[in-house]
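> Quick one, structure for this:
(chains A and B, ligands or ions: 2)
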Amino acid sequence: MSKQINVALIGNPNTGKTSVFNALTGLNQKVGNYPGITVEKKEGICKLPRGVKAHIIDLPGTYSLNASSLDENLVIELLLNKNDKDFPDVAVVVSDVENLKRNLLLFTQIKDLEIPTILVINMADRMAYKGISLDIACLENELKTKIALVSTRKNQGIEKLRELISDYRKLSVEPCLNASEIDPEYFNSLREAFPNQLLYKLWLVITQDVNFGDIQRQESDTLEDFKTKTKIDLKRLQQKETIKRYQFINNTLKKGQTIDLSTAKDLRIRFDRILTHKVWGYLIFFFILLLIFQAIYDWSAIPMDFIDSTFASLSEWSKQTLPQGQFTNLIAEGIIPGLGGIVIFIPQIAFLFLFIAVLEESGYMSRVVFLMDRIMRRFGLSGKSVVPLMSGTACAIPAIMATRNIESWKERLITILVTPFTTCSARLPVYLIIIALVIPEGRFLGLISYQALTLMLLYLIGFGAALGSAYLLHKTLNIKSRSFFVVEMPNYKLPLFKNVLITVVEKTKAFVFGAGKIILAISIVLWFLASYGPGEHFNNAENIVTEQYATENLTEEELQQHIASYKLEHSYIGITGQAIEPLIQPLGYDWKIGIAIVSSFAAREVFVGTLATIYSVGSDEEETIKNRMAGEVNPVLGTPLFNFASGISLMLFYAFAMQCMSTLAIVKRETNSWKWPILQLVTMSSFAYLVALAAFQILK
Amino acid sequence: MEITLANLKRGQKGIIKDVSSLHIPLKLLEMGCLPGNAVELVQVAPFADPMYLNINGSHLAIRKETAVHILINIAHE
Ligand SMILES: Nc1nc2c(ncn2[C@@H]2O[C@H](COP(=O)(O)OP(=O)(O)OP(=O)(O)O)[C@@H](O)[C@H]2O)c(=O)[nH]1
Ligand SMILES: [Mg+2]
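Ligands and ions are numbered 1, 2, ... in the order given. Modelled structure (predicted):
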């Protein structure tokens, strides 16, 4: 057989669908102990016994086939559309052994769609701990399905699941209960009107506004006639349906599941007495945040200095060893310093990702949602907005995607709009290098260093800006949407070392390579623009400068320096930079910083690399990036270019400015309109300019 | 004694008696918030909002504005 079979992984949030997906396909999609980690469809290939190949589709979690948020819609639209190329030949419903009762609700709904269905009961390793035992044969019989008892953590049951998938033709497609009994008369008339359509599917289309899938247009017009019941009647029927399903499930579990409460343990409640406590909960949360800043700042200082000096030596070394010429200059002055400007930040970025991964994998995130909901609501956000805002400290792009599980459209839109204010990892390089240059060393009360404190303040400013603008949007946006909130509190889990490691490595890699590609391109372009220039001033720089300083007694070295900087000023980049200089001079920057800011609009993290490339063109000494920046002098004031006033101004500019093309593109996609990303770009950037201007003028 | 879920005290248990279909989203019903099921208030945030509940074995948090539409019978200790 040549055709691949489509296998869809469906189930409640946080039951381990992605873990099963990874086990089947060998891929490394993101796993986490928070409902709503997966928000888009992910695909992979799995080899089955007897040479069959399966196309596995991982889907966002959903509590039922009645969708209430965007990520859930995706699942329903796929299951209702037989013509979709991904329409499953077999549905694998993944359930959590600890929440079987609730998980089976979705299972019974999917059975009603008459798709061949396999039930995975995951987290089998937790059964002994919870005192659960199962009669699999009995459950298979009652539920009219095949069951695989799986533990992805212990790697058990995956082989069995492969077997079951490859034998999918033997699966029964009979529903396990008759839901139409809730209103026989109504359902009979429906059946008579559409003899060719599945009853349950019609019911789903009538009760909610999903895309119609393969139900023909004219049919759906006729369907309108069947919306004879009022909304409230329909809702009562849905409630009746849900009760009926639970009755069936309760009866089934009575036969097939025994729970020995005397051996069951529940640490969750005991932990939550403290971790979600009115006082302790907030204190602990604050302490965790403090720890993260300390780690990012202090613990990574040593590897950072090491990398910085290594790259400086590398640049020097390549100049010495490679044959002299323009190509060597390009490598030594353009590419190596540019890349160094990225690599130097690996330790911090990795620490940041590590903490976020641990918070997500432990189950703590839901507790933060709980603690923050009331406060966030004042600003027009939801407790669930905390997750995007916190993971936005890594990168705004996945953070904006993570808003998909916020039910209310207004709360979701506001979250999307303000998330780019959170201090993402791309801003970190800019902050770190400038803090190191302009904030004195020493410790506040002997505890936390001033530099770490500054960094923490910058993060707070980011969150503050997010909340403030959320409040404004909340008051001005006139969008009616029902706000409703429910969040699950999953069991605490010891973070799986492998999962955390994979997340950290994958994300760090993505950061370095993503930024690396851009910086490589930009540093090559910059190097050319800085090494060549038009006309007399650039090409005849030696003579002009020598003449200019003829009366002064300069050493050869000083003369060379003057020539190099004269050349740079009259290179293509110098000319461009000086054209924009009037605009940024009031902020305390020179044209080189201006160029770095302009290239930052491609991605912020290239700021340091850009400066490193500009500074190293024409310079012969082995220098770290930091020392080079410290040596720059403001052409107007004659003071160090990076001083307290200009440094603060620059950091504030980066804190507020919308300088990320990819984020704008994602916002366009998630809001389906150019209006919102343009609003972000214009307001955030002009606000940034004004704040930076004010800061420099006040502090200088 | 019959009260709304919003009046439950921390650590108290009860049985859900009625949910107002008009105000309670289907999703919550599907998560087990149905008449006849047991409910316990595990923890409350400041101002008793949101409320962290154990409904029928599911641990979840809802806002007070939702909880007022759920009627319960308090279990006698
Ligand atoms: N103890 C145990 N934990 C597991 C097992 N499988 C998955 N987990 C954990 O369960 C949590 C959820 O796993 P995911 O695979 O992200 O679940 P999901 O269903 O894809 O979640 P969403 O995408 O948010 O709907 C993670 O913390 C996993 O480490 C298992 O077999 N045993
Ligand atoms: Mg997932």
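
> Per-residue pLDDT of the closest residue to residue A:265 other than its chain neighbours, please?
Residue nearest to residue A:265 in three dimensions, not counting chain neighbours: residue A:129, with 6.1 Å by Cβ to Cβ, 6 or more residues apart in numbering or on different chains. Just so you know, the C-beta spots here come from the backbone N, C-alpha and C atoms, and that holds for glycine as well. Predicted confidence (pLDDT) at residue A:129: the value is 87.

> quick one: residue A:129 and residue A:267 touch, right?
No - applying Cβ atoms under 8 Å as the test, residue A:129 and residue A:267 come out as separate, 9.5 Å apart.

> neighbour count winner among those two?
Using other Cβ atoms under 10 Å in any protein chain shown, the more surrounded residue of residue A:129 and residue A:267 is residue A:129, with 15 against 10.

> tell me the SS of residue 6?
I'll assume chain A. State at residue A:6, reduced to three classes by DSSP: H, G, I helix; E, B strand; the rest coil: strand.

> looking at chain B here, not the other one
helix.

> give me every residue that touches it.
Contacts for residue B:6 were tallied using Cβ atoms under 8 Å, 6 or more residues apart in numbering or on different chains; they are B:48, B:51, B:64, B:67, B:68.

> I'd like those as TSV, with distance to residue A:99 and neighbour count appended.
Shown next, in TSV, are the contacts of residue B:6 (distance: Cβ to Cβ, whole Å; neighbours: other Cβ atoms under 10 Å in any protein chain shown):
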residue	distance to residue A:99	neighbour count
B:48	26	17
B:51	20	22
B:64	25	17
B:67	22	23
B:68	26	14
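
> would JSON lines of those residues with pLDDT be doable?
Below are these laid out as JSON lines (pLDDT from 0 to 100):
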{"residue": "B:48", "pLDDT": "84"}
{"residue": "B:51", "pLDDT": "95"}
{"residue": "B:64", "pLDDT": "92"}
{"residue": "B:67", "pLDDT": "92"}
{"residue": "B:68", "pLDDT": "92"}
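
> buried set for the helix or strand where the residue nearest to residue A:265 lies?
Here residue A:129 sits within helix A:127-130, counting by DSSP states H and E. Buried residues in helix A:127-130, counted by 16 or more other Cβ atoms under 10 Å in any protein chain shown: A:127, A:130.

> care to break chain A down by domain?
For chain A, the structural domains run A:4-179, A:181-250, A:524-699, going by automatic domain parsing.

> Low-confidence ranges, chain B, go.
Residues of chain B meeting the criterion pLDDT under 70: B:75-77.

> which residues of it fall in helices?
Here chain B has its helices, by DSSP state H, at B:26-30, B:64-67.

> The shortest one near chain A anywhere?
Yes - contact between helix B:64-67 and chain A is present through residue B:66 (criterion: Cβ under 8 Å from any Cβ of the partner chain).

> That helix packs against which elements?
For helix B:64-67, there is no helix or strand it packs on, judged by 3 or more Cβ pairs under 8 Å, 6 or more residues apart in numbering or on different chains; DSSP states H and E.

> quick one: contacts of that helix?
Against helix B:64-67 from outside (Cβ under 8 Å, 6+ apart): A:484-486, B:4-6, B:23-25, B:28, B:48-51.

> Equivalent analysis for stretch A:260-277, please.
Stretch A:260-277 is contacted by residues A:128-133, A:280-281, A:284, A:364, A:367, A:370-371, A:489, A:491-492, B:42-43, B:45, B:52, B:54, B:59 when judged by Cβ under 8 Å, 6+ apart.

> got the buried residues for that stretch?
So for stretch A:260-277, counting by 16+ other Cβ under 10 Å, buried means A:268, A:272, A:275, A:276, A:277.

> so can I have TSV of those showing pLDDT, distance to ligand 1 and secondary structure?
Output for the buried residues of stretch A:260-277, formatted as TSV (pLDDT from 0 to 100; distance: Cβ to the nearest ligand atom, whole Å; DSSP: H, G, I helix; E, B strand; the rest coil):
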residue	pLDDT	distance to ligand 1	secondary structure
A:268	87	13	helix
A:272	91	17	helix
A:275	93	17	helix
A:276	92	19	coil
A:277	92	24	coil
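
> can you list the residues you listed in CSV and add distance to residue A:177?
Listed next are the buried residues of stretch A:260-277 as CSV, based on distance: Cβ to Cβ, whole Å:
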residue, distance to residue A:177
A:268, 31
A:272, 35
A:275, 39
A:276, 37
A:277, 42
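
> continuing past the helix holding residue A:129, what's the next helix or strand?
Following helix A:127-130 in sequence order, the next helix or strand is strand A:132-134 (DSSP H and E).

> starting at the chain centroid, how far to that following strand?
With Cα atoms, centre = their mean, to the nearest Å as the basis, strand A:132-134 stands 37 Å off its chain's centre.

> Who are the packing partners of whichever strand or helix holds residue A:435?
Using DSSP H and E, residue A:435 falls within helix A:428-438. Judged by 3+ Cβ pairs under 8 Å, 6+ apart, the packing partners of helix A:428-438 are helix A:346-362, helix A:450-476, helix A:606-616, helix A:625-631, helix A:644-656.

> Of these, which stretch is the most buried?
Mean neighbours per residue, mean count of other Cβ atoms under 10 Å in any protein chain shown, is largest over the helices and strands packed on helix A:428-438 for helix A:606-616, with a mean of 28.

> OK, contacts around the closest residue in space to residue A:27 that isn't next to it in sequence?
Closest residue to residue A:27 apart from its sequence neighbours, by Cβ to Cβ, 6+ apart: residue A:44 at 4.8 Å. With contact taken as Cβ under 8 Å, 6+ apart, residue A:44 is in contact with A:21, A:24, A:25, A:26, A:27, A:29, A:55, A:56, A:58.

> Would you list the phi and psi of residue A:44?
Geometry field for residue A:44 lists phi and psi as phi -160, psi 170, criterion degrees, to the nearest 10.

> Could you check how far it is from ligand 1?
Computed as Cβ to the nearest ligand atom, to the nearest Å, the residue A:44 to ligand 1 distance reads 13 Å.

> weakest of the domains of chain A in terms of mean pLDDT?
Among the domains of chain A, domain A:181-250 has the lowest mean pLDDT, at a mean of 78.

> Does ligand 2 have contacts with the host helix or strand of residue A:519?
In this assignment (DSSP H and E), residue A:519 forms part of helix A:497-531. No - figure legend: helix A:497-531 not in contact with ligand 2 (Cβ under 5 Å from the ion); closest approach 11.7 Å.
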